[in-house]
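>>> Next input, structure requested:
(one chain, ligands or ions: 2)
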Amino acid sequence: KSGNERVSPALMREYLRMYLVIGSVNCLADPVRVVEEALAGGATLVQFREKGPGALAGEDRLALALRLQAACRRAGVPFIVNDDVDLALEIGADGVHIGQDDEDAGAVRSRIGNRLLGVSAHTAGEARLAVSRGADYLGIGPIYPTASKADAHAVQGPAILRELRRSGIALPLVGIGGITAERAGEVVAAGADGVAVISAVTGVPPGETRDAVRRILAGMVT
Ligand code: TZP
Ligand code: MG
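Ligands and ions are numbered 1, 2, ... in the order given. The predicted model follows:
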């Protein structure tokens with residue numbers, strides 16, 4: 001992911017299939033254990049999103065990032081960092097995910113070379129701009145109401161995915177926001193290549209994480 005070439009769209013689509021977004025504040029159990037169980041269940045990509053009230057900072061945040069990254073490496077699953085390009089580069093992460101309020105996507109692309117770059121987009125205009133600035137995939141949401149993001153945009157419904165596809169956006173897309181195993185199928189049917197989830201995986205009782213991931217994957221089988 002940091003090599004000679006950008007990720008192919010085909011491989012990026014595979015990575016997006018069951019995308020776990022996770023930080024310590026989301027977890028009922030040890031986040032390392034949650035990630036390990038999610039990987040055992042078939043998670044295809046992990047994003048470290050350590051933010052919000054109670055989030056770790058400094059050395060503790062770095063140490064957790066390294067432990068989660070190590071778990072992902074053991075499983076052969078890419079590990080990307082939310083917002084913090086410096087942290088991603090410091091630990092040699094596989095990529096970065098940024099929102100519209102973060103550093104400009106073009107500037108981030110120059111800094112990270114061929115590592116994975118995801119950008120959150122809410123409109124066809126934002127999507128087109130992110131594509132032109134070098135995004136490898138777009139995060140689209142919130143598709144459904146979410147309790148996991150304080151400053152979330154208005155709920156868009158799966159229709160936003162159809163609109164983006166109709167308007168010619170061909171880049172790999174992942175839906176996010178309130179997605180459950182029951183809803184994953186309609187998100188993919190609307191045009192997403194996969195689903196990004198926090199609470200559907202981190203909010204289940206300890207020991208049920210692996211099955212939660214398996215259920216989400218099963219929900220996308222058409
Ligand atoms: N961006 C849009 S919604 C969201 C983020 C980070 C939170 C998704 O969490 P959940 O628990 O899967 O709704
Ligand atoms: Mg952000």
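>>> which parts of the chain sit against ligand 2?
Within reach of ligand 2 by Cβ under 5 Å from the ion, the chain has these residues: Asp83, Gly99, Asp102. C-betas here are computed from N, CA, C, even on glycine.
>>> And the spatially closest residue to the first one that is not a sequence neighbour, how far from Leu39?
This means Asp83. Computed as Cβ to Cβ, 6 or more residues apart in numbering, the closest residue to Asp83 that is not its neighbour in sequence is Asp102, at 5.4 Å. From Asp102 across to Leu39, the span is 27 Å (Cβ to Cβ, to the nearest Å).
>>> cool, Ala124 as well?
34 Å.
>>> ditto for Gly203
Going from Gly203 to Leu39 by Cβ to Cβ gives 18 Å.
>>> follow-up on the earlier one: is the residue nearest to Asp83 in contact with Ala88, as I believe?
No - Asp102 is not in contact with Ala88 according to Cβ atoms under 8 Å; the separation is 11.9 Å.
>>> okay, those two: which has more neighbours?
Set side by side, Asp102 and Ala88 show more neighbours around Ala88, with 27 against 17, by other Cβ atoms under 10 Å.
>>> The more buried one: what secondary structure?
Under the three-state scheme (DSSP: H, G, I helix; E, B strand; the rest coil), Ala88 adopts helix.
>>> Kindly report the same for Arg33.
helix.
>>> show me the contacts for the closest residue to it other than its chain neighbours.
The shortest distance from Arg33 to any non-neighbouring residue, by Cβ to Cβ, 6+ apart, is to Pro206 (7.3 Å). With contact taken as Cβ atoms under 8 Å, 6 or more residues apart in numbering, Pro206 is in contact with Leu28, Ala29, Arg33, Val34.
>>> again with Gly141
Ser120, Ala152, His153, Gln156, Gly175, Ile176, Gly177, Ala196.
>>> Among the residues you listed, which pair sits farthest apart?
His153 and Ala196 (14.6 Å; Cβ to Cβ).
>>> more crowded one of the two?
Higher neighbour count among His153 and Ala196: Ala196, with 26 against 14, using other Cβ under 10 Å.
>>> Show me the helices in the chain, by range?
Assigned by DSSP state H, the chain shows helices spanning 9-16, 31-41, 58-75, 85-91, 105-112, 124-132, 159-166, 181-189, 199-202, 209-219.
>>> List the contacts of the shortest one.
Right, the one you point to is helix 199-202. Outside helix 199-202, the residues touching it (Cβ under 8 Å, 6+ apart) are 20, 22, 26-28, 34, 38, 43, 146-148, 179-181, 209, 212-213, 216.
>>> from the residues you listed, which would you call buried?
20, 22, 26-27, 34, 38, 43, 146, 148, 179-181, 209, 212-213, 216 (16 or more other Cβ atoms under 10 Å).
>>> Nearest to Asp60, out of these: which one, please.
Cys27 (14.1 Å).
>>> wouldn't the closest one be in contact with Ala38 here?
No - Cys27 lies out of contact with Ala38 (Cβ under 8 Å); the separation is 10.7 Å.
>>> I figured Ala93 hits Arg115, correct?
Yes - assessed by Cβ under 8 Å, Ala93 is found in contact with Arg115 at 7.1 Å.
>>> check contacts around the residue of the chain found nearest ligand 2.
Nearest residue of the chain to ligand 2 (Cβ to the ion) works out as Gly99 at 3.3 Å. Contact analysis of Gly99 by Cβ under 8 Å, 6+ apart lists Asp83, Val119, Ser120.
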